[in-house]
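# could you look at this predicted model? Sequence included:
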Amino acid sequence: MMLYVRLFLEFFRAGLFAIGGGMATVPFLQDISRRTGWYTAKDLADMIAVSESTPGPIGVNMATYVGFKTASGQIGSFAGILGAIVATAALVTPSVIIILIIAKFLEKFRDNRYVNAAMYGLRAASVALISAAGISIVLISIFQISSIGEWRKAVFDWRCLVLGAVLLILTRMVPKVKDLHPVIFIAASALAGIAMGL
Amino acid sequence: MFEETDPERADIQTEPFYHQGCFMIYWDLFCTFARVGVLTFGGGYAMLPILEREVVEKKKWVTEEEIMDYYAIGQCTPGVIAVNTATFTGRRIAGTGGAIVATAGVVFPSIIIITIIAALISGFAKLRVVQEALAGIRVCVCVLIFNAVYKMWKKAVVDKVTLVMYLLILIAAVFFNASPVLTVVLAAAAGILVKGRKTV
């Protein structure tokens, strides 16, 4: 029971403070993993991959995944389903409340000077937080260290570096290929991982 | 006169729906947004064209302009963009109940699909092949996050102030594990301090 309450509170917080779309949830999920130890940084990278390559909004998918994994890991797989529902409900509750309030004075909200000024700061914060989350996912996935302080122990696996470089070129520079859906790159990298025996 | 049932429903305008508040509209909302949830593949930005097709063109519940407004506000309110937009549209169609039903609809497919996948992955995670595949996928996730950051960066880091904020927050988060909640609150306050004055 306590676990569900904690799940709810953690995801309520994430839903309330993550601004700017699916990836904005990632820094909050990382914060949750640091404080609770429910899942590792490696698990988080897998969750992002699953969320990106399945139907549904990314933030919602991640909440469902974390809720399921946490509750099923600690109680049992049936409890996992309830965990998934609790985490997802918690993530969307702040949205519903805030939207219901804002909807009453829609025009005023959009043109409000303070709202726009806050957004100016929030957008920068959101990109910075996602960048930081991205850096730690790079550290764990490519260099296999959990923080930048461990740089001496970093592993330089050329296969990961080459795969990363190839993907970067494909998704950024090659015309037509770069517009393909992320799920195609995810599937290709899975095959590449198997082929190279990562 | 009872012949005009299902095929005609799409043509009924928003107003009667809104005032009726009957059970059918909730069911209809749930199904429509569940379909939007299934078809949204890869995050909030992929949702807009699908939402337009389902809610504006097929159901004619709201206008194109309204959807754009809801989407714009969904981006600058807390939470997942797709969920915010669904809540907004649901409220416009059937009030508070509609908002809740539309939100439940849009997350419903995720709960089912992700639960199945999560259960399968934890069953297969020990296999060598699965581990190798996941190691490859993790590299891809790094690239996807980089691309998302690159796209957002252009809209967010627009002048010296935002550049300084970006760097400070990045350093605080990477080296000192700064709390994201505190960061978000401070950033909003900083934005209001810098841009909120009357001169704008």
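That came in fine, so what should we check first?

# give me the pLDDT for residue A:190.
On pLDDT, residue A:190 comes in at 90.

# repeat that for residue A:52.
For residue A:52, the predicted pLDDT is 79.

# give me the pLDDT for the residue lying closest to residue A:154 once chain neighbours are set aside.
Nearest non-adjacent residue to residue A:154, counting by C-beta to C-beta, 6 or more residues apart in numbering or on different chains: residue A:143, 4.1 Å away. In this view, the C-beta of every residue, glycine as well, is placed from N, C-alpha and C. For residue A:143, the pLDDT comes out at 86.

# mind listing what residue A:143 touches?
Taking C-beta atoms under 8 Å, 6 or more residues apart in numbering or on different chains, we find residue A:143 in contact with A:151, A:154, A:155, A:156.

# can you pull the contacts of the second one?
Listed by C-beta under 8 Å, 6+ apart, the contact partners of residue A:154 are A:139, A:143, A:144, A:145.

# does stretch A:32-43 reach chain B?
Yes. Shown here: stretch A:32-43 in contact with chain B (C-beta under 8 Å from any C-beta of the partner chain) through A:34, A:42.

# list the contacts of that stretch.
A:6, A:10, A:14, A:30, A:44, A:47, A:66, A:69-70, A:73, A:136-137, A:140-141, A:146, B:138, B:177.

# hmm, 7 Å instead?
Residues from elsewhere that reach stretch A:32-43 (C-beta atoms under 7 Å, 6 or more residues apart in numbering or on different chains): A:10, A:44, A:66, A:69, A:70, A:136, A:137, A:140, A:146, B:177.

# what of stretch B:161-168?
A:121, A:124, A:125, A:127, A:128, B:156, B:157, B:187, B:190, B:194.

# residue ranges with poor pLDDT in chain B?
Scanning chain B for pLDDT under 70 picks out B:1-22, B:41-46, B:198-200.

# now for chain A, the helix or strand with the poorest mean pLDDT.
Of all helical and strand segments in chain A, the minimum by mean pLDDT, DSSP states H and E falls on helix A:106-111, at a mean of 71.

# helix or strand right after that helix?
Reading on from helix A:106-111 to the C-terminus, the next helix or strand found by DSSP states H and E is helix A:113-138.

# and that next one, is it in reach of chain B?
Yes. Counting by C-beta under 7 Å from any C-beta of the partner chain, chain B has neighbours in helix A:113-138: A:113-114, A:117-132, A:134-135, A:137-138.

# for stretch A:88-103, same thing?
Yes. Stretch A:88-103 comes into contact with chain B (C-beta under 7 Å from any C-beta), by way of A:88, A:91, A:92, A:94, A:95, A:96, A:98, A:99, A:100, A:102, A:103.

# contacting residues around the fifth one?
The one in question is residue A:95. Residue A:95 touches A:15, B:78, B:79, B:80, B:83, B:84, B:87, counting by C-beta under 7 Å, 6+ apart.

# could you work out the most separated pair of the contacts of stretch B:161-168?
Checked with C-beta to C-beta, the contacts of stretch B:161-168 reach their widest spread between A:127 and B:194, with 16.6 Å between them.

# those two: which has the busier surroundings?
residue A:127 (28 against 16; other C-beta atoms under 10 Å in any protein chain shown).

# need the contacts of stretch B:161-168 in CSV (columns: distance to residue B:58).
Below are the contacts of stretch B:161-168 laid out as CSV (distance: C-beta to C-beta, whole Å):
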residue, distance to residue B:58
A:121, 39
A:124, 38
A:125, 38
A:127, 35
A:128, 40
B:156, 34
B:157, 39
B:187, 39
B:190, 43
B:194, 44
